[in-house]
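Visitor: sequence and predicted structure are below.
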Amino acid sequence: MNRLLLKLLKNSFISVFLISGIIFFTLSLISMAIYKYDTYLKNSFAKKQPHIILKYIDENFSTNIDNEIYKIKKTLKSELVSLNSFVEKEKFVKLQKGLAIFRGKIKIVGLGLEEYPITYDFNRIDMRLIDDYNIRLTGIELFYMFKNGVVVFNRTLQKSFLDSAPSVSTKYAMFIDNKRVANVEFMGILDDLSETATLFMSRNYFNKIFHYDKNHLNGFYINIKHQKFLNNSIKLLKKEFPKAEIISWRDINKKQDTILTLFSSIAKFIEIILIILGLITLLVVFINGVITKRKQIRMLHILGVKFYQKINLLFFISVLLGELLGLFLAVVSVGFYIDVTLFIFLIITPFIALLLNFIFIKREFK
Amino acid sequence: MIKVRNLTKKYKINGQCQIIFKNLNLDIPMGKITIIRGESGCGKSTLLNIIASIDIEAEGEVIINNQNILKLNSSKRADFRNRLVGFVFQSHELIPEFSVLENTTIPLLLKNYSKSEAEREAKKSLEKLGISSTHFFKKPAQLSGGQQQRVSIARAIIHKPQIIFADEPTGNLDPKKRDEVIELIKSLKDEKRAIVIVTHDDEVEKIGDIVYYFRKGEDNQYNLICKNREAKKSLNE
């Protein structure tokens, strides 16, 4: 008798199986694409250098830097990746090479190289010519000069007075408050999406230009291992350094954070809409393939068939196997990834098939 | 003998309880053709469905082989229908996805006959009812209405049921085919078999040994009246 039952519902089982597979495969691919792009964004914006700025409230703070470094290391322990002291000042700066001139009030930061210094390979940075004027470097959070080179990150510079694009390793004459202080190697313009123009240079260089004492200190850039350590690290630092302002990566990069959150929300919304569409499609296929057979199923039941549970089981298996096939194909195509929403979809859809059976078919077996 | 005792059927329509019939009693003897007639909506088919255990939502008793079939669970009723009952419907109710032969074999396959055995029996039965072997592998839709009804009758009798229920078996047929089907039903009469037919058709009524009529009483409910007094008397005896 199973043969007749299978013959009656074979096409329904196959269509439910195939459509489940196609829907799940498509959803897996979309979910994977969203995940990859999300990860890319996170890597670009967030995971690169999650950092904290410890800034002393007293601008003229002077101390033994080694002691402060010891305190930070002791507080953050293994969560610490790198640590750089800094001094900073807002100044009117002019960069000039021939007729190419930039001038404006910017923040100049002198970075120390005390502990675990960050090194950055220029060749690994995504450099793109955006338009005639700018070279934009993205995906960088903390970045600083090598040798006597200077790096400026800020998009405000893109709207600057420079009439030719600054390129990597181009030397400019630097004037501060209209006084020539050095020839600097201008490494590029970075877009960190913040509003204030910032010029980074080594602390020694900074001290030399501004005649600062070597113990003068405005704070530290502290890089930690991962975003998830951020809140806890801030808490510990606030406790250890009550006279300092602790600014998180998120505070400084609100725009990146907003973009990331917005993208995640939109991606999740799109995924949920697609999952709902997938469910509706599956429902239509189910109605088309199963519920239209109700009359025949009822007739078989009148004649003595009592395989309601087998029909139920076969539909459950068809949906589940279809989804697993879809998942397998997705894994083969793009690698394994399944997010929570998709996992819930995978689990609940066979039960939805059961529920539909219960609603539409079981009553034929009364 | 099928005994129906104090059978009451109610429907809920728009939240209001409507009684279709109340406290019906009837006896259906073996070896006879019992006809049930009445105007549209009087509950003839409902009564047939209850006696055939297709519909069990009713009060009272339907005793067949000393069992009240209204008390059986779904699985036992399915067994009961498969072992003892054959059905002929007005609209044939053949399964469109199956061939004529497959449709006919269903009751035997349910009785655990092998496929070849069931097909052998089905072929015999179909040929006996005038369906030639050229039609065996056709789908029901490829047959005429009369042929479909004959296939439906072949399916109803192939497992030699004790009771055959026929609901308007000539309802969709032209006079010539109707006469053929009537003759066929007459030929199914057997001492050990009860045939119960619900019909509007006067010609079908003529082959009945016992005829019951649904009549509306003063209380606006339908009661069952046995037309043949002689038959009624013999039933009472």
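Guide: Yep, that arrived.
Visitor: what residue ranges in the chain score low on pLDDT?
Guide: Assuming you mean chain A. A:1-2, A:42-50, A:113-171, A:184-198, A:200, A:249-250, A:252-256, A:307-308, A:361-366 (pLDDT under 70).
Visitor: nope, chain B please
Guide: Using pLDDT under 70, the flagged stretches of chain B are B:227-237.
Visitor: same thing but 50
Guide: B:229, B:235, B:237 (pLDDT under 50).
Visitor: those residues of it touching chain A, which are they?
Guide: Residues of chain B lying close to chain A by Cβ under 8 Å from any Cβ of the partner chain are B:54, B:56, B:74-75, B:78-79, B:81-83, B:87, B:93, B:95-98, B:102, B:106-107, B:109-110, B:115, B:155. Where you see a C-beta, it was placed from the backbone N, CA and C, and this is true even at glycine.
Visitor: quick one: the helices in the stretch 1-150 of chain A?
Guide: In the stretch 1-150 of chain A, the helices defined using DSSP state H, counting those that start in this stretch lie at A:2-41, A:65-76.
Visitor: same check, this time on the stretch 201-350 of chain A
Guide: Using DSSP H, counting those that start in this stretch, helices in the stretch 201-350 of chain A cover A:203-210, A:230-240, A:249-252, A:254-289, A:294-303, A:308-334, A:340-360.
Visitor: JSON lines for those helices, including mean neighbour count and distance to chain B?
Guide: Shown next, in JSON lines, are the helices of the stretch 201-350 of chain A (neighbours: other Cβ atoms under 10 Å in any protein chain shown; distance: least, Cβ to the nearest Cβ, whole Å):
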{"stretch": "helix A:203-210", "mean neighbour count": "18", "distance to chain B": "84"}
{"stretch": "helix A:230-240", "mean neighbour count": "16", "distance to chain B": "59"}
{"stretch": "helix A:249-252", "mean neighbour count": "18", "distance to chain B": "60"}
{"stretch": "helix A:254-289", "mean neighbour count": "15", "distance to chain B": "12"}
{"stretch": "helix A:294-303", "mean neighbour count": "20", "distance to chain B": "5"}
{"stretch": "helix A:308-334", "mean neighbour count": "18", "distance to chain B": "8"}
{"stretch": "helix A:340-360", "mean neighbour count": "16", "distance to chain B": "14"}
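Visitor: residue B:62: which of those is closest?
Guide: Among those, helix A:294-303 comes nearest to residue B:62, with 16.0 Å by Cβ to Cβ.
Visitor: got the contact list for that closest one?
Guide: Residues outside helix A:294-303 that contact it (Cβ atoms under 8 Å, 6 or more residues apart in numbering or on different chains) are A:4-5, A:8, A:305, A:308, A:311, A:360-361, A:364-365, B:54, B:78, B:81-82, B:87, B:93, B:95-97, B:106-107, B:110, B:155.
Visitor: what angle do it and helix A:340-360 make?
Guide: With axes from the mean of the first three to the mean of the last three Cα atoms, to 10 degrees defining the directions, helix A:294-303 sits at 50 degrees from helix A:340-360.
Visitor: test my guess that residue A:87 contacts residue A:203.
Guide: Yes - applying Cβ atoms under 8 Å, one finds residue A:87 in contact with residue A:203, separated by 5.9 Å.
Visitor: which neighbours do the two share?
Guide: With Cβ under 8 Å, 6+ apart, residue A:87 and residue A:203 have common neighbours residue A:110.
Visitor: center of chain B, which residue is that?
Guide: Most central in chain B under Cα atoms, centre = their mean is residue B:165, positioned 1.2 Å from the mean C-alpha point.
Visitor: that one reaches residue B:86, doesn't it?
Guide: Yes - using Cβ under 8 Å, residue B:165 makes contact with residue B:86 at a distance of 7.3 Å.
Visitor: show me which residues of the stretch 1-150 of chain A sit near chain B.
Guide: A:1, A:3, A:4, A:7, A:8.
Visitor: of the residues of chain B next to chain A, which belong to strands?
Guide: Judged by DSSP state E, strands contain the following of the residues of chain B next to chain A: residue B:87.
Visitor: for residue A:31, what are its contacts?
Guide: Taking Cβ under 8 Å, 6+ apart as the test, what residue A:31 contacts is A:271, A:337, A:338, A:339, A:341, A:342.
Visitor: and the gap between it and residue B:176?
Guide: 65 Å (Cβ to Cβ, to the nearest Å).
Visitor: cool, and residue A:302?
Guide: Distance, residue A:302 to residue B:176, by Cβ to Cβ: 29 Å.
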